[in-house]
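Participant: coords please:
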Amino acid sequence: MEEYFHRQIKLWGEETQKSLQSKKIAIIGAGGLGSSLSFALGATGIGEIHIVDFDEVSLHNIHRQITFTTEDEGKNKARLNAQMIEKRCPYTKAVAHECNFQEWSKKGIEVDLIIDATDNLMTRDEIDKYAKKVNTPWLYGSVEAFNGQVCFFEKASFGDFFKVKPRTPAGIAAPIVMHIASLQANLALRYLAGLSVKKDFVYYLYFNDEGELNLQKFSISM
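Facilitator: Alright, predicted model coming up:
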């Protein structure tokens, strides 16, 4: 274990690394953001990762969903991500839940952090209400075209700051998906390792017409 996590141990010491083994998280959605999050967090030493998704891999998904290949078409996304995590890291238990968020929430599974990797506002609102009910923080992430948003929700309510309504997603560039998932993963890992994290604070990242990366940020604290 010390050799596997050598570079992380150099970053924060053996005790912090060992503490990650007692942590549990849930990733809601196993597509674009979900597969990138599974890849980024699955080999960090988190003890248990629950991955929730009822959907199957389709050909049009694969360009932005890094876990999958064309041979995976028709297979469940959550199950494939769980298999990938356990192949890469023998110190993490990955549990696939082939269901939607509402069904998962009824299972009563306690986790330290919920990470949103969905693609619709309605489910994110459900995640927020559930997280408040069970007193668990959650990480919001969304992507579209060449931009994305991330927020670590603790006290602020999602529905107070985002208009919750059905909408059809626009096109998505694959690299921005990994970019947003990377920011989510970094905030998640910092929180689980006991490091400081800016909470109830939205990060909006976008590439302008000249390809420059821009960042805007603002507080949504009540």
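Participant: Which other helices and strands does the helix or strand of the chain with the lowest mean pLDDT contact?
Facilitator: Every helix and strand of the chain was ranked by mean pLDDT, DSSP states H and E. The lowest is helix 158-161, at a mean of 89. Other elements packing on helix 158-161 under the criterion 3 or more Cβ pairs under 8 Å, 6 or more residues apart in numbering; DSSP states H and E are helix 121-133. (Each C-beta comes from the backbone N, C-alpha and C, glycine too.)
Participant: Tell me the buried residues in the helix it packs on?
Facilitator: Residues of helix 121-133 classed as buried by neighbour count (16 or more other Cβ atoms under 10 Å): 121, 123-128, 130-132.
Participant: Which residues does the longest helix seen in the chain contact?
Facilitator: For the chain, the helix with the greatest residue count under DSSP state H is helix 174-192. If you take Cβ atoms under 8 Å, 6 or more residues apart in numbering as the criterion, helix 174-192 is touched by 20, 23, 25, 32-33, 36-37, 40-41, 44, 46, 63-64, 66, 112-113, 115, 117, 137, 139, 141-143, 145-150, 152, 196-197, 203, 205, 207.
Participant: cool, and stretch 211-222?
Facilitator: 151, 155-157, 160-161, 200-208.
Participant: Neighbour-wise, which one of the residues you listed leads?
Facilitator: residue 151 (27 neighbours; other Cβ atoms under 10 Å).
Participant: check contacts around that residue.
Facilitator: Applying Cβ under 8 Å, 6+ apart, the residues near residue 151 are 139-140, 200-203, 220.
Participant: any chance you could map the helices in this protein?
Facilitator: Assigned by DSSP H, the helices in the chain fall at 6-12, 14-19, 32-41, 77-88, 101-105, 121-133, 158-161, 174-192.
Participant: Just the residues contacting the third one, thanks.
Facilitator: Right, the one you point to is helix 32-41. Applying Cβ under 8 Å, 6+ apart, the contact partners of helix 32-41 are 25, 27-28, 30, 49, 51, 53, 61, 64-68, 77-78, 81-82, 84-85, 88, 94, 115-119, 141, 143, 172, 174, 177-178, 180-182, 184-185, 188-189.
Participant: quick one: it to helix 174-192, angle?
Facilitator: 50 degrees (axes from the mean of the first three to the mean of the last three Cα atoms, to 10 degrees).
Participant: Show me how far helix 32-41 is from its chain's centre.
Facilitator: Relative to its parent chain, helix 32-41 has a centroid offset of 6 Å by Cα atoms, centre = their mean, to the nearest Å.
Participant: what comes up buried for stretch 98-114?
Facilitator: Within stretch 98-114, the residues that count as buried by 16+ other Cβ under 10 Å are 98, 100-101, 104-105, 111-114.
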